[in-house]
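Chemist: just coords:
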């Protein structure tokens, strides 16, 4: 069956950058550039005319900047998929983070005169984002009317069978029969594409008196994690930090892995943050797998883990080890309908290692119940 190419619109005031992007994209038959604009005003007009599947947009442009154009496009089409392309300067990182919070689905570091010569990595990342986000936005899977009309059932514990088929590829794992008195000791969160907005929505619904450290690995470029921490603290009320080597871990605080560093926690008391500069894992740095393996070692099978929206499958292998080998670890994944990209949560949901698969709006309530030692067995979104 023929698959229509992903329809791409380029928006950048630099002729050089537009040319670079065009040269990369036009080599591939499954991608089609339907419009190119040099400013936000033209981009808005062209979006209305061409309705592309995905927009690759610069942040700083004349007449109408990228943030203003993004807002206008989202007013015209709330389902628009816009990737912001910016320099990794401090100002560029802050503005791009604002774009992610407004509704951009992802960001990409703009190639500079130095990086163009090393363009293979940039090219691979660009193509992956265009294909995944473009196809996902153009053809979202329909949710079963029957499943939606049934709503999300009360959070009750499953006893048998050991695993529960939900329909499609999703299988739930039975909750542990008994949770220890000190469960959970920590909350771990993995996220990627769509994560900055999802994290704020999720943590807003989590009880602010939760006496657990919260660890987050969000795939994000260097310089962005500080703005993510500031936004989480401002929007949710949780004290949030860009993690630093040796930082003391405190209950009720949020620790976010910095871009280009893997985050972990030292075993023992007091617990402190560790940052490592090892190679990417699953093409990711920071990596959810690295964080979860470290947390499992530090907290010994008393982890509550949530995998939110994201591209790829980072976190899958460590989640499998924690759930299969650990007695009390519990895993929750975001459902497909509420995810920007159902890559990371889909990988764990389809593997039968999740204890729950929920819409984003319900995950915070599930976490609160578990912290209060209430069961959350047979619940799902689809």
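Modeler: Sure, I can see it. As the structure is a computational prediction, the values presented were derived from the model and not from experiment.
Chemist: where does this structure have low pLDDT?
Modeler: 1-2, 88-91, 111-120, 137-168, 326-327, 375-382 (pLDDT under 70).
Chemist: again, only using 80
Modeler: Within the chain, the stretches with pLDDT under 80 are 1-2, 87-93, 110-121, 136-169, 176-179, 326-327, 374-382.
Chemist: Could you chop it up by domain?
Modeler: 6-138, 146-371 (automatic domain parsing).
Chemist: list the contacts for residue 343?
Modeler: By CB atoms under 8 Å, 6 or more residues apart in numbering, the residues touching residue 343 are 132, 192-193, 310-313. For every residue, glycine as well, the C-beta is placed using N, CA and C.
Chemist: cutoff 10 Å now
Modeler: By CB atoms under 10 Å, 6 or more residues apart in numbering, the contact set of residue 343 is 132, 136, 192-193, 307, 309-314, 316.
Chemist: Going by distance to residue 59, which of the residues you listed wins?
Modeler: residue 193 (18.0 Å; CB to CB).
Chemist: ok so that closest one is a helix residue?
Modeler: No: the assignment for residue 193, made by DSSP: H, G, I helix; E, B strand; the rest coil, is coil rather than a helix.
Chemist: right, and out of the contacts of residue 343, which lies closest to residue 218?
Modeler: For the contacts of residue 343, the nearest to residue 218 is residue 192 (7.0 Å; CB to CB).
Chemist: shouldn't that closest one be in contact with residue 346?
Modeler: No: at 11.9 Å, residue 192 does not count as touching residue 346 under the criterion of CB atoms under 10 Å.
Chemist: More neighbours: those two, which one.
Modeler: Between residue 192 and residue 346, counted using other CB atoms under 10 Å, residue 192 has the larger neighbour count: 26 against 23.
Chemist: need the contact list for the more buried one.
Modeler: Counted by CB under 10 Å, 6+ apart, residue 192 has contacts 106, 198, 217-220, 284, 288, 307-312, 314-315, 340-341, 343-345.
Chemist: In space, what's closest to residue 6 - neighbours in sequence excluded?
Modeler: Using CB to CB, 6 or more residues apart in numbering and skipping residues adjacent in sequence, the residue nearest residue 6 is residue 134, 3.4 Å away.
Chemist: Please, which helix or strand holds the one you found?
Modeler: helix 119-138 (DSSP states H and E).
Chemist: shared neighbours of residue 192 and residue 346, which are they?
Modeler: Common contacts of residue 192 and residue 346 (CB under 10 Å, 6+ apart): 307, 309-310.
Chemist: Name the member of these that has the highest neighbour count.
Modeler: Top of these by neighbour count (other CB under 10 Å): residue 307, with 32 neighbours.
Chemist: can you tell me which residues contact it?
Modeler: 188-192, 288, 292, 313-316, 319, 331-334, 339, 343-349, 354, 357, 363.
Chemist: Point out the ones among the residues you listed that are inside strands.
Modeler: Members of these lying in strands (criterion: DSSP state E): 188-191, 331-334, 357.
Chemist: Pull the distance from the helix holding residue 134 to the chain's centre.
Modeler: 15 Å (CA atoms, centre = their mean, to the nearest Å).
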